[in-house]
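In: The following comprises the amino acid sequence and a computationally predicted model.
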Amino acid sequence: MANIQLTPAPKRRLADILYGQLLEQIMAGAVAPGDKLPAEHAICEAFGVSRPVVREALTRLQADGLVKTRRGSGTILLRAPPAASVDFFDPADFASYLRAFEVRMALEPAAARFAAERRTHDDLVAIRAAHRAFSNAINAGQPAQKLDIAFHRAIAVASGNELFANQLDSLSVELEGFIAVTLGLTKLGSAERRSTVLLEHQRIADAIESGDGDLATTYMRFHLSEARGRLTEVTRRS
């Protein structure tokens, strides 16, 4: 056993499991856009959970832009991620990726602002090097999730507050899973879509180098919003 490393099985909340199963059914085509999902009470009975659990799962689907819930009309499917998405993630893990994303949205725009205000020459060199490595991998069609994380971490380090980098490190598993999906879908898309991702990184780096904290914050928030859209395919580009 000395050389065997075991990882405890993840403890998933009921709402996460239900969310994953609903998402999996949606991607499998069990429900078509414009159709209604089963009523809350029907889901409760089928899954064996309370209404608050069902409502939490449905609320997440709505936050993803996949469904729309109207009082008295039920929950209607607006759109579905492509079936190819299941090649990149386990639907049961999807909710944890999105929870990690919520933390990123609170964390990284602030880190980008501080990086613009405090970055040193060495910080800029590290950010540029990380962007270049990520760009080379994307253009070569190589795995790039760790390089993507390295770019964001370089910005966190440049903030001058080690807690930003520590927080990103604590999300490493969810972060890598999230980015693997978005980059996987980007790889399946057009060259224009890939160049869009690189341009978003470039603009963040440029704003940090210029010392413009407001612009760095805006570009980071925009990049993360677009990344979330790519994950749920709400803003899908060909």
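Out: Yep, that arrived. In this text the structure is predicted, and so the values were computed from the model without any measurement. Numbering: from 1, shown residues only.
In: The lengthiest helix in the chain packs against which elements?
Out: Counting residues, the longest helix found in the chain (DSSP state H) is helix 91-118. Applying 3 or more Cβ pairs under 8 Å, 6 or more residues apart in numbering; DSSP states H and E, we find helix 91-118 packed against helix 14-27, helix 51-63, helix 145-158, helix 162-170, helix 172-188, helix 191-210, helix 213-232. Where you see a C-beta, it was placed from the backbone N, CA and C, and this is true even at glycine.
In: what packs against the last one?
Out: To tie it back to what came earlier, the one meant is helix 213-232. helix 91-118, helix 172-188, helix 191-210.
In: Mark out where each domain of the chain begins and ends.
Out: 14-80, 84-232 (automatic domain parsing).
In: Serialize those to JSON lines and add fields for mean pLDDT and mean neighbour count.
Out: Converted to JSON lines, the domains of the chain look like this (pLDDT from 0 to 100; neighbours: other Cβ atoms under 10 Å):
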{"stretch": "domain 14-80", "mean pLDDT": "88", "mean neighbour count": "16"}
{"stretch": "domain 84-232", "mean pLDDT": "88", "mean neighbour count": "18"}
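In: hmm, back to that, in a markdown table: the helices and strands packed on helix 213-232, plus distance to Leu66.
Out: Converted to a markdown table, those look like this (distance: least, Cβ to Cβ, whole Å):
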| stretch | distance to Leu66 |
| --- | --- |
| helix 91-118 | 11 |
| helix 172-188 | 15 |
| helix 191-210 | 20 |
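In: To Ala158, which of those lies closest?
Out: helix 91-118 (3.8 Å; Cβ to Cβ).
In: Tell me what angle the closest one forms with helix 14-27.
Out: 100 degrees (axes from the mean of the first three to the mean of the last three Cα atoms, to 10 degrees).
In: if we can go back for a sec, in a markdown table: the helices and strands packed on helix 91-118, plus distance to Ala112.
Out: Shown next, in a markdown table, are the helices and strands packed on helix 91-118 (distance: least, Cβ to Cβ, whole Å):
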| stretch | distance to Ala112 |
| --- | --- |
| helix 14-27 | 29 |
| helix 51-63 | 23 |
| helix 145-158 | 6 |
| helix 162-170 | 10 |
| helix 172-188 | 16 |
| helix 191-210 | 6 |
| helix 213-232 | 4 |
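In: do you know which of those lies nearest Ala130?
Out: Counting by Cβ to Cβ, Ala130 lies closest to helix 145-158 out of the helices and strands packed on helix 91-118; the figure is 4.1 Å.
In: what is the orientation angle of that closest one with helix 191-210?
Out: Using the same axes, to 10 degrees: helix 145-158 against helix 191-210 is 20 degrees.
In: Against Glu226, how distant is the nearest residue to Met220 once chain neighbours are set aside?
Out: Spatial nearest neighbour of Met220, excluding adjacent residues (Cβ to Cβ, 6 or more residues apart in numbering): Ala112 at 3.9 Å. From Ala112 over to Glu226 the distance is 15 Å, taken as Cβ to Cβ, to the nearest Å.
In: do the same with Met27
Out: 21 Å.
In: just Arg153 next, same as before
Out: 19 Å.
In: Then Ala126?
Out: On the measure of Cβ to Cβ, Ala126 and Glu226 end up 24 Å apart.
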